[in-house]
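Novice: Predicted model and sequence below, questions to follow.
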Amino acid sequence: MGCLLTNQDEHEKHTQGLLFGVAAYVLWGLFPLYFALLDSVSPFEIVAHRVIWSLVLLCIIITATRGWPKMVQTLRDRKSVGLLAIASVALSINWSVYVYSVSIDEVVQASLGYFINPLVSVALGVILLGERLRKVQWFAVGLAVFAVLVLTFSYGAIPWISLILALSFACYGLLKKFVGYGAVESLTIETALLSPVAIIYLITLESSLAAAFVEGGIGISLMLLLLGPITAIPLLAFGAAATRLPLSMLGLLQYITPIVIFTFGVTIFHDSMSTSRWIGFIIVWVALLVFSVDAVRHAKKARNDRRSAIAQSLEVAEPD
């Protein structure tokens, strides 16, 4: 009976995690539609409001959950705060380039950045952490590099939007890995570090009557204010998924976001897709398929090895 309840609890936990994960990645994929409604606002002003209103909402959440003692404890860790300061720079670059890509109708190129992000993360692990790759992983990374070369030929220039998005988010993820604090606490510190620059920028815009907030009307002002919950809600959903799902499953779900962005880019934003661009994207998708299948197999093998080790240890421990 106890085993049955445990299995039911695990199944319910997994189902909840799956729903939270899908919700987070779908919501992130919907961002271009929202940013497109703010096409009259400069990308930098959008990012500045995103920083400020996210910070306001996060402070409300921390107050409601009585999380300030934990925040104070986090702030005492100078090394972690330093890493979060660097992470905040990477995050601001990622947000700015992403919003800019929507403003110039390069949504498909933005989706490419998030498609190749996992492979860039792997490359950073090799370069910065000395990690070793399996042969299949090397093959996937090689395919991704080849795809970028094909797309460079197609665009007639290096797809810098894709590369900056992939590199900035990979660096952000790498830095967050070393911090190890919760999503709410770490994002609060990151936005707090960015907020002085955002406030100064918005004050400058307001003084020159160039700001969209207030000057752009109630509709635009409300949409800018809503950037706080729009930023925080998927992040909180992701945090809930991360505590309920295995890393391999979470890794597969992350492809939902670039798939949604790519679909919008082709169908709604009408980004041009020449034959060479389709070839480049297909190569990227093949690389991701190879990488994902290998990751799932390796995770499954690791779980089976752990179970075998536990079973053997129990057999040894049994009395004669």
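Specialist: Alright, I've got the coordinates.
Novice: show me where pLDDT drops low in the stretch 1-150 of the chain?
Specialist: 1-9, 11 (pLDDT under 70).
Novice: got the residue ranges for the helices in it?
Specialist: For the stretch 1-150 of the chain, the helices defined by DSSP state H, counting those that start in this stretch occupy 2-29, 31-36, 43-64, 68-75, 78-103, 107-129, 135-155.
Novice: So which of the ones you listed is nearest E185?
Specialist: helix 68-75 (5.0 Å; CB to CB). Just so you know, the C-beta spots here come from the backbone N, C-alpha and C atoms, and that holds for glycine as well.
Novice: contacts for that closest one?
Specialist: 62, 80-81, 181-182, 185-186, 188-189 (CB atoms under 8 Å, 6 or more residues apart in numbering).
Novice: coming back round to it: quick one: closest of the helices of the stretch 1-150 of the chain to L167.
Specialist: helix 107-129 (5.9 Å).
Novice: what's the angle from the closest one to helix 78-103?
Specialist: Using axes from the mean of the first three to the mean of the last three CA atoms, to 10 degrees, the inter-axis angle of helix 107-129 relative to helix 78-103 is 160 degrees.
Novice: With distance to F20 as added columns, please give the contacts of helix 68-75 in a markdown table.
Specialist: Formatted as a markdown table, these follow (distance: CB to CB, whole Å):
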| residue | distance to F20 |
| --- | --- |
| I62 | 20 |
| S80 | 25 |
| V81 | 28 |
| Y181 | 19 |
| G182 | 15 |
| E185 | 19 |
| S186 | 18 |
| T188 | 20 |
| I189 | 23 |
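Novice: Now neighbour count too, for the residues you listed, in TSV please.
Specialist: Shown next, in TSV, are those (neighbours: other CB atoms under 10 Å):
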residue	neighbour count
I62	17
S80	20
V81	18
Y181	20
G182	16
E185	20
S186	22
T188	25
I189	24
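Novice: Can you tell me which of these is closest to I283?
Specialist: Distances from I283 to those, taken by CB to CB, are shortest for S186, at 34.6 Å.
Novice: hang on, the earlier thing: closest to S221 out of the helices of the stretch 1-150 of the chain?
Specialist: The nearest among the helices of the stretch 1-150 of the chain, by CB to CB, is helix 43-64 at 9.4 Å.
Novice: Thank you, goodbye.
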